[in-house]
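*Asks:* A structural model of the following input is requested.
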Amino acid sequence: MFEVPHYHYQIKEWTNLKRKIMSSLKVREPEKVPNTNDCSITTSYWDTFDFTEYEDFLTMVQPYVSNVPNVSQVTRVWFQTSRQNDFHSAHNHGSIGWSAVFYADFNPDVHVPTKFYCPFSNVTGNVDVFCPNVEEGDLIIFPASVLHEAPINTSKIPRTIISFNLF
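*Replies:* Sure, this is the predicted structure:
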């Protein structure tokens, strides 16, 4: 009867653009990052947002994003790097629109992907958890209201994602 829509794409262009895009990922305003207990990642989320910093990335994902219904614009982009023992607890991105996770530096042999929690319980009263089977260069687009988290990175190898919101 009901299901949660999402889109999963493998971005073939990533292989050629990875070095250029990854080298541009920097936290420009570290003093703005709040000191909280629910997140230990390195992120540019708190920086003053500038589309030009993500121009190459947005150009790369645009053909895929254009397949998502009712999307007119990207409203914000940021990156997150999780080093060993880093995490980002369960959260959502608001009640309207779409959000996306792009797996920029991700090794499925040592990293765990984003965990998504079903917004309603199943017939047994439990909440289903969805962990997509992803590889580096994959893009997952999902409703912004879906609760999700970046599990603890148990590896010594950093895990980096680029995330964005769409309306």
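
*Asks:* start from the N-terminal end of this structure and give the strands.
*Replies:* For the chain, the strands defined by DSSP state E occupy 7-10, 42-43, 74-82, 88-91, 98-105, 115-117, 129-130, 138-143, 147-150, 159-166.

*Asks:* middle-most residue in this structure, spatially?
*Replies:* Geometric centre of the chain, nearest residue: Val101, 2.5 Å, by C-alpha atoms, centre = their mean.

*Asks:* and it, how far from Glu135?
*Replies:* 13 Å (C-beta to C-beta, to the nearest Å). Glycine gets a C-beta too; all of them are placed from N, C-alpha and C.

*Asks:* still on that earlier bit, output the strands of the chain in JSON lines; the columns should cover mean pLDDT.
*Replies:* Shown next, in JSON lines, are those (pLDDT from 0 to 100):
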{"stretch": "strand 7-10", "mean pLDDT": "98"}
{"stretch": "strand 42-43", "mean pLDDT": "93"}
{"stretch": "strand 74-82", "mean pLDDT": "96"}
{"stretch": "strand 88-91", "mean pLDDT": "96"}
{"stretch": "strand 98-105", "mean pLDDT": "98"}
{"stretch": "strand 115-117", "mean pLDDT": "98"}
{"stretch": "strand 129-130", "mean pLDDT": "97"}
{"stretch": "strand 138-143", "mean pLDDT": "98"}
{"stretch": "strand 147-150", "mean pLDDT": "98"}
{"stretch": "strand 159-166", "mean pLDDT": "98"}
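
*Asks:* right, so those strands: which one is the most enclosed?
*Replies:* strand 98-105 (a mean of 23; mean count of other C-beta atoms under 10 Å).

*Asks:* parallel or antiparallel, list what pairs with that strand.
*Replies:* Next to strand 98-105 in the sheet, as set by DSSP bridges, lie strand 138-143 (antiparallel), strand 159-166 (antiparallel).

*Asks:* just name the shakiest helix or strand of the chain by mean pLDDT.
*Replies:* Lowest by mean pLDDT, DSSP states H and E among the helices and strands of the chain is strand 42-43, with a mean of 93.

*Asks:* closest to Pro63 out of the strands of the chain?
*Replies:* strand 7-10 (9.2 Å; C-beta to C-beta).

*Asks:* which residues does the closest one contact?
*Replies:* Tyr64, Asn67, Val68, Pro132, Val134, Glu135, Gly137, Asp138, Leu139, Ile140, Ile141, Phe142 (C-beta atoms under 8 Å, 6 or more residues apart in numbering).

*Asks:* what about the third one, how many neighbours?
*Replies:* It stands for Val68. 16 (other C-beta atoms under 10 Å).

*Asks:* kind regards, and thank you for your time.
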